[in-house]
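Peer 1: need a structure here:
(chains A and B)
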Number of protein chains: 2
Amino acid sequence: MRLSNFFLNTLKEKPSEAQVISHQLMLRSGMIKQNIAGIYTWLPIGLIVLRKIANIVRKNMNKYGMIELLMPCIQSIDLWKESGRGEYCGKETLKILDRHDNELIFSPTCEELITDIFRSSIKSYKSLPKILYNIQWKFRDEIRPRFGVLRCREFLMKDAYSFDIDKESAEKTYNLVYDAYYSTFKEIGVKVVPVRADNGAIGGDMSHEFHVIAENGESNIFYDKAFLGEVSVDSARKLYAAAEEKHTETNNTDIVSSKGIEVGHIFNFGTKYSESMKSFVSDSTGSSIAPEMGSYGIGVSRMVAAIIEASHDEKGIIWPKSVAPFKFSLINIHPQDESVTKFADELYEKMLNLNIEVLYDDTKERAGSKFATHDLIGIPYHIIVGKEKFAENLIELKDRKTQKSKIVSVENFDNIIRSDNIEF
Amino acid sequence: MRLSNFFLNTLKEKPSEAQVISHQLMLRSGMIKQNIAGIYTWLPIGLIVLRKIANIVRKNMNKYGMIELLMPCIQSIDLWKESGRGEYCGKETLKILDRHDNELIFSPTCEELITDIFRSSIKSYKSLPKILYNIQWKFRDEIRPRFGVLRCREFLMKDAYSFDIDKESAEKTYNLVYDAYYSTFKEIGVKVVPVRADNGAIGGDMSHEFHVIAENGESNIFYDKAFLGEVSVDSARKLYAAAEEKHTETNNTDIVSSKGIEVGHIFNFGTKYSESMKSFVSDSTGSSIAPEMGSYGIGVSRMVAAIIEASHDEKGIIWPKSVAPFKFSLINIHPQDESVTKFADELYEKMLNLNIEVLYDDTKERAGSKFATHDLIGIPYHIIVGKEKFAENLIELKDRKTQKSKIVSVENFDNIIRSDNIEF
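Peer 2: Predicted coordinates for the structure are as follows:
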């Protein structure tokens, strides 16, 4: 993408309305624009990151055998009355009357809707277990939306729902989703701690929250310090990790505490919805039974902010490579120089032909301003082209995170742009 | 995907609530489920098709230099009051009060919102022309939702908006979008006629509708019969094609008439929104001027139904290959036979390893029922594995559309599954 054709407005100064660093950096790097309180447009560079995260989530859910569908934003409140959760539709649920005075809501979650879909389709234990999910916009009418997309009103969520014939199978499914989440967050490239948690209003007795460790987190979490290193999924299950309400004081000096941002939550809640909504299947003896259910969320849009909270410096965002909006910035610091520009154009065309993700800064800005912009938006590698180096057939390569740079010969360009990890 | 793990419920009988063929076939093939009037869940096989269409649209918009962002579902009505379209928010617009009694709407279209985004970001003619688009769920509170996703309430739309410095540039942009649309529909694989149309309430004086020719269309369109053959985009522009309100009676026997389903609509409406919302940029002389604007829609969800209206037979859907939910059905007609099943499993694994899209029917249904199901859901090629042919190292290959089949040796399997067009 040529920056001159793109739609990217960065800000030099910290916006006064933003209290937390992720909100500041998302506004400064032109990722989002608030339309009204807690409701945002995802601007082009923000949308690329959002979609990359959604795609990593989707890939991992599919890998673990979950099946994707797509439920609508607008639901009838009738199903909620049927499940007995009508009263849960409090002030945080956006209520709507249509032209025929039907009571609708903007989905905050879909336990009822999925149970209705399930009961109209699945009649036998032979079709179980089944995990269905969707990635869709939800709405929660926060009384005081704040912290940008961390606590906003319209947000993108991956919500999955499982159906099992008995408790033993449900526990297996729960553990499978735990693994899928672990694999997802690992691929995204942020450190996430799965802590035991309360089930709360949703009911049931198995629950974990997945937290990104970050100073600006709203939750206190307690966990074995082993989580600060590399932990494989089987060890993670055995290590101590608890949300505040599940934590018991201990003298164990391996247990540390920090702030966390919740990016995932998994629940098993038994037959609460299948019973109340009469969603029965026949078991192997022909008896009608209510399946064991669970629900499993990942906050896709809030994940964007959580990553920034966990990965930034004073210059701006440091994107993990898996979700960076582009892999390379190609920065022409002498755009007035015809031969340098011709050379930069050629490098850009070569990268496009190889399907390498690149943001080509072909604008007339000063070099210093360009460096600041590309550090701010956090693209992992910067290729810098200017007239002195060009004369010697050299380019400069910079690592966004370490700020280390090296001078390389143009002959090595193909190898560099193809490599996944560039050493400095 | 193994059918036994998938979530697919097909119906043998025509559902009584569905009047038009696309609605019948979408329900029968398990693509959608109505939740309440005009609001649907996209079930797994339906979602795959919906996303394929969205991705073809996205690819073509990007190819023509349009920039993607994502606007929220919920807007404030204030911007509509500013543009003077507040009164347009009639009964078809879903109106909502939030907990603080702010007046919100579920987006039916985004001219106001994009103009607000534009005016806060773009200040100079140097950034023009600019075409921004998004693919997002919209809502129109139809008084009588009907015909499935052809006239539903919550629908997926690609809406693009352009900004140009003068009328001449705006006309170029308009023609570029016309080309992008032509290219999009061509890649989807349905015959679409671009007819001259009225601008209606949106204002302005350049407008085309893009119609799929289909018996169940709600519009009458008039066009040169050359459109029934292959027409390249430059010839299309010169041929006669008009919506009913733009048609003038003629003796020209080359002009034919038929029903059409509108799947796209492009408008140029000048400075209506940029003037009223004071969205000004500076021109080359430093004067403040209101950019010329246009808006451009593609009905992504209704496109699914339009394709079916144009491409089906008495057995079910005939998907164009570009948007088929899977390229192949792999049908084991003797699932009780261990060696046949082992063989079919191996073919399936091979296809997965080669990233070939395949729905593997590993269920215990009878052969006849399986054939009917795979004809109904319309996957282009069927690979049929059974014990007689297996004994001779042969498989049967069937073309969904022509119903022709041929027997091929297993040695040719790799070549067959890799080829884009299989001859019968």
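Peer 1: pLDDT of the one helix or strand residue A:61 maps to, averaged?
Peer 2: Using DSSP states H and E, the element containing residue A:61 is helix A:44-63. Mean pLDDT, computed over helix A:44-63, is 98.
Peer 1: ok, and does it reach over to chain B?
Peer 2: Yes. Applying Cβ under 8 Å from any Cβ of the partner chain, one finds helix A:44-63 touching chain B at A:44, A:47, A:50. (C-beta placed from N, C-alpha, C; glycine too.)
Peer 1: Spit out the contact partners of residue A:343.
Peer 2: A:385, A:390 (Cβ atoms under 8 Å, 6 or more residues apart in numbering or on different chains).
Peer 1: Over to it. Which of the three states is it?
Peer 2: Reducing the assignment at residue A:343 to three states with DSSP: H, G, I helix; E, B strand; the rest coil gives helix.
Peer 1: How much space separates it from chain B?
Peer 2: 23 Å (Cβ to the nearest Cβ, to the nearest Å).
Peer 1: which SS state does residue A:302 fall under?
Peer 2: Looking at residue A:302 with three-state DSSP, the answer is helix.
Peer 1: Next, residue A:83: phi, psi?
Peer 2: Dihedral pair for residue A:83: phi -80, psi -10, per degrees, to the nearest 10.
Peer 1: what do you get for residue A:30?
Peer 2: Phi and psi for residue A:30, reported as degrees, to the nearest 10, are phi 70, psi 30.
Peer 1: can you check residue A:238 too?
Peer 2: In terms of degrees, to the nearest 10, the main-chain angles of residue A:238 are phi -90, psi -20.
Peer 1: What segments of the stretch 1-150 of chain A are strands?
Peer 2: Using DSSP state E, counting those that start in this stretch, the strands of the stretch 1-150 of chain A run over residues A:32-36, A:39-42, A:67-68, A:74-76, A:95-97, A:103-106, A:130-139.
Peer 1: Redo the ones you listed as TSV? Include distance to chain B and mean neighbour count.
Peer 2: Shown next, in TSV, are the strands of the stretch 1-150 of chain A (distance: least, Cβ to the nearest Cβ, whole Å; neighbours: other Cβ atoms under 10 Å in any protein chain shown):
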stretch	distance to chain B	mean neighbour count
strand A:32-36	5	20
strand A:39-42	4	23
strand A:67-68	5	20
strand A:74-76	5	23
strand A:95-97	5	17
strand A:103-106	7	21
strand A:130-139	6	22
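Peer 1: could I get these as TSV with distance to residue B:338?
Peer 2: Listed next are the strands of the stretch 1-150 of chain A as TSV, based on distance: least, Cβ to Cβ, whole Å:
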stretch	distance to residue B:338
strand A:32-36	57
strand A:39-42	52
strand A:67-68	27
strand A:74-76	46
strand A:95-97	56
strand A:103-106	51
strand A:130-139	26
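Peer 1: got the residue ranges for the helices in chain A?
Peer 2: A:21-28, A:44-63, A:78-83, A:111-121, A:167-188, A:233-238, A:272-276, A:300-310, A:338-353, A:367-377, A:387-391, A:413-418 (DSSP state H).
Peer 1: so where's the stretch 201-350 of chain A uncertain?
Peer 2: Scanning the stretch 201-350 of chain A for pLDDT under 70 picks out A:201-205.
Peer 1: Could you check which residue of it lies nearest chain B?
Peer 2: Distances between the stretch 201-350 of chain A and chain B by Cβ to the nearest Cβ are smallest at residue A:301, namely 10.1 Å.
Peer 1: what does the stretch 301-424 of chain A give?
Peer 2: Proximity of the stretch 301-424 of chain A to chain B (Cβ to the nearest Cβ) peaks at residue A:364, 9.3 Å away.
Peer 1: What is the burial count for the nearest residue to that residue once chain neighbours are set aside?
Peer 2: Setting aside the residues directly before and after it, residue A:364 is nearest to residue A:335 in space (Cβ to Cβ, 6 or more residues apart in numbering or on different chains), at 5.6 Å. The number of residues packed near residue A:335 is 20, by other Cβ atoms under 10 Å in any protein chain shown.
Peer 1: re earlier: could you say which one of the helices of chain A comes nearest to residue A:284?
Peer 2: helix A:167-188 (12.5 Å; Cβ to Cβ).
Peer 1: got the domain boundaries for chain A?
Peer 2: Here the domain assignment for chain A is A:21-313, A:326-418, based on automatic domain parsing.
Peer 1: ok, the residue of the stretch 201-350 of chain A closest to chain B to residue A:173 distance?
Peer 2: Distance, residue A:301 to residue A:173, by Cβ to Cβ, to the nearest Å: 26 Å.
Peer 1: Pull stretch A:342-356 out as PDB, backbone CA atoms only.
Peer 2: Provided in PDB are the C-alpha atoms of stretch A:342-356 (Å, rounded to 0.1, in the frame of the first residue of the first chain):
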ATOM      1  CA  LYS A 342      12.600   5.100  -9.000                       C
ATOM      2  CA  PHE A 343      14.600   2.700  -7.000                       C
ATOM      3  CA  ALA A 344      12.100   2.700  -4.100                       C
ATOM      4  CA  ASP A 345       9.300   2.200  -6.500                       C
ATOM      5  CA  GLU A 346      11.000  -0.800  -7.900                       C
ATOM      6  CA  LEU A 347      11.600  -2.300  -4.400                       C
ATOM      7  CA  TYR A 348       7.900  -1.700  -3.700                       C
ATOM      8  CA  GLU A 349       6.700  -3.400  -6.900                       C
ATOM      9  CA  LYS A 350       9.000  -6.300  -6.200                       C
ATOM     10  CA  MET A 351       7.400  -6.700  -2.700                       C
ATOM     11  CA  LEU A 352       3.900  -6.500  -4.200                       C
ATOM     12  CA  ASN A 353       4.700  -9.200  -6.700                       C
ATOM     13  CA  LEU A 354       5.900 -11.500  -3.900                       C
ATOM     14  CA  ASN A 355       2.800 -10.800  -1.800                       C
ATOM     15  CA  ILE A 356       4.900  -9.200   0.900                       C
END
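Peer 1: chain center to it, what's the gap?
Peer 2: Relative to the chain's own centre, stretch A:342-356 is displaced by 30 Å; criterion: Cα atoms, centre = their mean, to the nearest Å.
Peer 1: Now do the helix holding residue A:61: which elements does it pack against?
Peer 2: For helix A:44-63, the packing partners by 3 or more Cβ pairs under 8 Å, 6 or more residues apart in numbering or on different chains; DSSP states H and E come out as strand A:67-68, strand A:130-139, strand A:154-164, helix A:167-188, helix A:300-310, strand B:67-68.
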